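K.L.:
Below: sequence and its predicted model.
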Amino acid sequence: MRGVCKAFGATAALAGVDLRVAPGEVLAVVGENGAGKSTLMKVLAGVVRPDAGEMLLDGRPYAPRSPRDARAAGVAMIHQELALAPHLTIADNILLGMEPTRAGFLRRAASRAAAREALRQLGRDDIPPEAVVAGLSIADRQVVEIARAVAVGCRVLVLDEPTSSLTAADVRHLETLVKRLRGLGHAIVFISHVLEEVRAFADRVTVLRDGATVGGGDLATLADATIVEWMVGRPVTELYPRSPRTPGAAVLELSGVAGRRLPESASLVLRRGEVLGIAGLVGAGRTELLRAVFGLDPVRRGTVRVAATSGTATPTRRWAQGVGMVSEDRKREGLAVELSIADNLTLSRLAGLGPAGLVLPGRQAAAARRWIEPLQIKCRDVSQPIAALSGGNQQKVAVARLLHHDVDVLLLDEPTRGIDVGAKARIYALIDELAARGRAILLVSSHVPELLGVCDRVAVMCRGRLGPARLVGEIDEHTLMQEAIARG
Amino acid sequence: MTSWLHRLGPLAGLALVALLFTVLRPGQFATPGNLEIMLLQTAVVATAALGMTLVIASGGIDLSVGAQIALATVTLASLLARGWSPAAALLATVAGGLACGGLIGGLVTGLRLPPFIVTLGMWGGLRGLAKGLAGETMVVAPTTWLNDLLTALPPERRWLLMPAGVWLTILLAVAVAVLLQMTRLGRHILAIGSSEPTARLCGVAVERTKLVVYALAGALAAVAGVLQYAYLTVGDPTTALGMELDVIAAVVIGGASLAGGRGSVAGTLVGALIMTAVANGCTKLDLPNWVQEIVTGVIIVAAVALDRFRRVDD
């Protein structure tokens, strides 16, 4: 296999992208949302055809007209949303569309063997080909999808933000897998937001902004600051601003809270004017804790006191008490993506937008428009559906709902997951402003630098148990991770 | 801009259909008399479709509308036959519809069953109840002013412009449109239809809202039943068989999404009118019934396909 080269120059969404990836190399493609990464992926996968520019694969022109074409040519996409049929077995999924048959009948043994071979190449012979996909973890499903690409004989693998829904341990496994694929001579394009991961996974980086390549090079010779500057287009000042904060009265007190399954026991005191972080692995029970506090899931044991009142709660009651929550699952729960920005932003508090139960569209739009400017939500108008916005701007709308409701206590579950650096910086600044104005914030995050940057105190949750909260000055990243993994 | 397009789409379809028949049958289709007849023919389906718009916007479905209409004609006729005053019989019938809808809503939210299943059961159950109440026959009732709701206007009442039943449908349509577009309940209905978890997260009382939606739809189906009674002049437990599909078709042609989160009363009315215009126009063209049915089928599929194309363009 000769060097795999591609060069683009499409207009509009892509205004001149150049990138090159060779066999046995991992190229990271980074850029903010809207930088053109997804369009670039569509072009590569044959979903969209470029207007100009040329693409070469093994020195020959490469112009796929459909994802099928692209696969046949040896280019496979592994999307963020995995495309597996959950009710079929792993073998069926790996060989979907190219099942070995004899006289029209499936050759089950042959397909199991082919699946096993593909998994073995990935070093994952522990995954049984005859098991049903629905029982697999997200991480293992990803492996199955990669195995499918390998089984078809793809030599160029494009991984679109593959780590966005993985735990830290799974990310390390994926890293091993990617290095293995590289060793086998595959060319890998790795799309990501997270610089730490880019450094761990990739050899070289290409930075996109506004649909064009703005920089790139060997990761070994590039500083983080340079890459971020390319991405954002300006020097980044302080990512985690910190105004003077004065902790006040306790507004949320948990003692021995247990949920239906998780958490097992969680106690904490959240005060006005403070940001309290909860660290831990995915699956430790952090999301379940927030859901139980917010009344979305039942509390099996223990008490939740909000501003000195306790008792069973529903989300309706929590909102009325001045507690708001941002869901970790932005697309399914956090926002109704077909509805407009205005509808989503005002949904929890439609009162006051008209007399006696009425919601006047003009007043609703005006109420929503107030938050566009301060949060820098990029949109044409508040009547636009959420689906038309980039991930970062969607998340800003989800957060703006809490501001519109003017809540005292904010429960934020992974508020910056999968969003670009610019939107992250805006949300960090907002959290700081809110804390300085006496609001209380409970922040769940899997990104430890973020917790240390934003919070006043951090507690670690491990297997359903929440540890004591400690001042950020007294802990470091290493001990946090240790506790998240080790403590039993 | 986009909402304009969405609203104009079905309307353009109606204009096209009307223009076509006007050109093909000049002096027969677009006459005041025929327009009045078409409005009379639309009123029943349109009224039931108002409730269905709410149900579909909330992400649900109601397959038992036809049975609810039949039950309402039987209830109304039976009460009138027992000497109830027309007003009292009408109120009781609508209350009965409210209760039927409430029962459906209660089963959907209480047992967490899909509305498709619950209303499939009701499709048979309520039809059977209607037949039982009617003793498996037509229920004859004394003539009252209710019978005039859907008859062509006599010359001395031309000033009304349209029969009272049509006005009733229009009034209800305005009320449901305001409810859906401009009230908290309406916003909650659309939010539930678009994403139930989001609605729950935002503190919307999901179960209670659904209950209200099905109850209102039941009441509107009962009003449609009253109009159907006016049209038939008897209570008939076998009437409106299959009408639920006309009702759903009207809502869908009007631009609502069967997945929920989208629905417009204006669109639904236009959808109902398109179906009447096609049926009426085909009759005027002396086309046999089977041609009508094929044309109606094509229109349903075409309307949704066009709607999808417009959406992809956005």
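P.N.:
Everything's here; your move.

K.L.:
quick one: contacts for residue 160?
P.N.:
Just going to use chain A. A:37-38, A:41, A:77-80, A:191 (C-beta atoms under 8 Å, 6 or more residues apart in numbering or on different chains). Heads up, the C-betas are built off the backbone N, CA and C, glycines and all.

K.L.:
Actually, chain B is the one I wanted.
P.N.:
Per C-beta under 8 Å, 6+ apart, neighbours of B:L160: B:153, B:167.

K.L.:
Next one: it from B:V166, what distance?
P.N.:
Separation of B:L160 from B:V166 (C-beta to C-beta, to the nearest Å): 9 Å.

K.L.:
So which of the contacts of A:D160 is the closest to chain B?
P.N.:
A:S38 (16.8 Å; C-beta to the nearest C-beta).

K.L.:
Quick check: that closest one vs A:S265, distance?
P.N.:
42 Å.

K.L.:
Give me the more crowded residue out of the two.
P.N.:
Between A:S38 and A:S265, counted using other C-beta atoms under 10 Å in any protein chain shown, the more crowded position is A:S38 (20 against 15).

K.L.:
Now the more buried one: closest residue in space, sequence neighbours ignored.
P.N.:
In space, A:S38 comes closest to A:D160 once its chain neighbours are excluded; the distance is 7.8 Å by C-beta to C-beta, 6 or more residues apart in numbering or on different chains.

K.L.:
What residues are recorded as beta-bridge partners of that neighbour?
P.N.:
A:I191 (DSSP bridges).

K.L.:
Go through the contacts of A:D160 and flag which are in helices.
P.N.:
A:37-38, A:41 (DSSP state H).

K.L.:
In those, which has the lowest confidence score?
P.N.:
Lowest pLDDT within the ones in helices among the contacts of A:D160 is found at A:S38 (76).

K.L.:
how close does that one get to A:G391?
P.N.:
10 Å.

K.L.:
Over to B:A30?
P.N.:
52 Å.

K.L.:
Comparing these two, which residue is more hemmed in?
P.N.:
A:G391 (20 against 14).

K.L.:
Straight-line length of stretch B:148-158, end to end?
P.N.:
Start-to-end span of stretch B:148-158 (C-alpha to C-alpha, to the nearest Å) is 14 Å.

K.L.:
Spell out which parts of chain A neighbour chain B.
P.N.:
By C-beta under 8 Å from any C-beta of the partner chain, the residues of chain A that approach chain B are A:294, A:296, A:314-316, A:318-320, A:325, A:327, A:329, A:332-339, A:343-344, A:347-348, A:350-351, A:354, A:357-361, A:383, A:388, A:401.

K.L.:
Now restrict the residues you listed to buried residues only.
P.N.:
Among those, the ones that count as buried by 16 or more other C-beta atoms under 10 Å in any protein chain shown are A:294, A:296, A:315-316, A:318-319, A:325, A:327, A:333-339, A:343-344, A:347-348, A:350, A:354, A:359, A:361, A:383, A:401.

K.L.:
Inside helices: which ones of the residues you listed?
P.N.:
Secondary structure defined by DSSP H assigns A:294, A:315-316, A:318-319, A:343-344, A:361, A:401 of these to helices.

K.L.:
Mind picking the two most distant members of these?
P.N.:
Spatial extent of those (C-beta to C-beta) is set by the pair A:F294 and A:P361 at 29.0 Å.

K.L.:
Touching, B:A57 and B:A177? I think so.
P.N.:
No - under the criterion of C-beta atoms under 8 Å, B:A57 makes no contact with B:A177, lying 11.6 Å away.

K.L.:
neighbour count winner among these two?
P.N.:
B:A57 (27 against 18).

K.L.:
The more buried one and chain A, how far apart?
P.N.:
Note on B:A57: its distance to chain A, by C-beta to the nearest C-beta, to the nearest Å, is 11 Å.

K.L.:
burial measure for the residue nearest to that residue when sequence neighbours are not counted, as a count.
P.N.:
The shortest distance from B:A57 to any non-neighbouring residue, by C-beta to C-beta, 6+ apart, is to B:G263 (3.5 Å). Applying the criterion other C-beta under 10 Å, we find 26 residues in the vicinity of B:G263.

K.L.:
Paired strands for the longest strand seen in chain A, with orientation please.
P.N.:
If you go by DSSP state E, chain A has its longest strand at strand A:250-259. Its sheet considered, strand A:250-259 pairs with strand A:266-271 (antiparallel), strand A:299-306 (antiparallel) by DSSP bridges.

K.L.:
Can you give the contact residues for the next helix or strand after the shortest one?
P.N.:
Which is strand A:266-271. Going down the chain from strand A:266-271, the next helix or strand is strand A:275-280, by DSSP states H and E. Outside strand A:275-280, the residues that touch it by C-beta under 8 Å, 6+ apart are A:245, A:268, A:270, A:286, A:289, A:431-432, A:435, A:440-446, A:448, A:451, A:454-462, A:466, A:469, A:472, A:480, A:483-484.

K.L.:
In the stretch 101-250 of chain A, what residue lies closest to chain B?
P.N.:
A:S165 (17.1 Å).

K.L.:
Quick check: closest non-adjacent residue to that residue.
P.N.:
Using C-beta to C-beta, 6+ apart and skipping residues adjacent in sequence, the residue nearest A:S165 is A:I138, 5.3 Å away.

K.L.:
Ok, A:L27 next?
P.N.:
Nearest to A:L27 is A:V21, by C-beta to C-beta, 6+ apart, at 4.2 Å.

K.L.:
related to what we said a few turns ago, what pLDDT, on average, does the longest strand of chain A get?
P.N.:
Strand A:250-259 comes out at a mean pLDDT of 95.

K.L.:
Which residues does that strand contact?
P.N.:
A:263-272, A:285, A:288-289, A:291-293, A:297-307, A:323, A:408-409, A:440, A:442, A:464.

K.L.:
now do stretch A:130-146
P.N.:
Outside stretch A:130-146, the residues that touch it by C-beta under 8 Å, 6+ apart are A:78, A:82-91, A:93-94, A:112, A:119, A:122, A:124, A:127, A:157, A:159, A:162, A:165-167, A:170, A:173-174, A:177, A:181.

K.L.:
that older thread, from the ones in helices among the contacts of A:D160, which single one is nearest B:L241?
P.N.:
Of these, the one sitting nearest to B:L241 (C-beta to C-beta) turns out to be A:S38, at 50.1 Å.

K.L.:
Please report how far that closest one lies from A:D413.
P.N.:
Counting by C-beta to C-beta, the gap from A:S38 to A:D413 is 25 Å.

K.L.:
Same question for B:A240.
P.N.:
49 Å.

K.L.:
In terms of neighbours, single out the busier of those two.
P.N.:
In this view B:A240 and A:D413 are compared by other C-beta under 10 Å, and B:A240 has more residues nearby, 29 against 24.

K.L.:
Show me which of the contacts of A:D160 are buried.
P.N.:
A:37-38, A:41, A:77-78, A:191.

K.L.:
mind showing which ranges of chain A have poor pLDDT?
P.N.:
Scanning chain A with the threshold set as pLDDT under 70 gives A:1-13, A:33-34, A:234-237, A:486-488.

K.L.:
Next up, the contacts around A:A15.
P.N.:
Contacts of A:A15 (C-beta under 8 Å, 6+ apart): A:9, A:36, A:210-212.

K.L.:
can you redo these as CSV with neighbour count?
P.N.:
Output for the contacts of A:A15, formatted as CSV (neighbours: other C-beta atoms under 10 Å in any protein chain shown):
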residue, neighbour count
A:G9, 15
A:G36, 26
A:D210, 15
A:G211, 21
A:A212, 17
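
K.L.:
farthest pair in those?
P.N.:
Checking these with C-beta to C-beta, the most distant pair is A:G9 and A:D210, at 13.9 Å.
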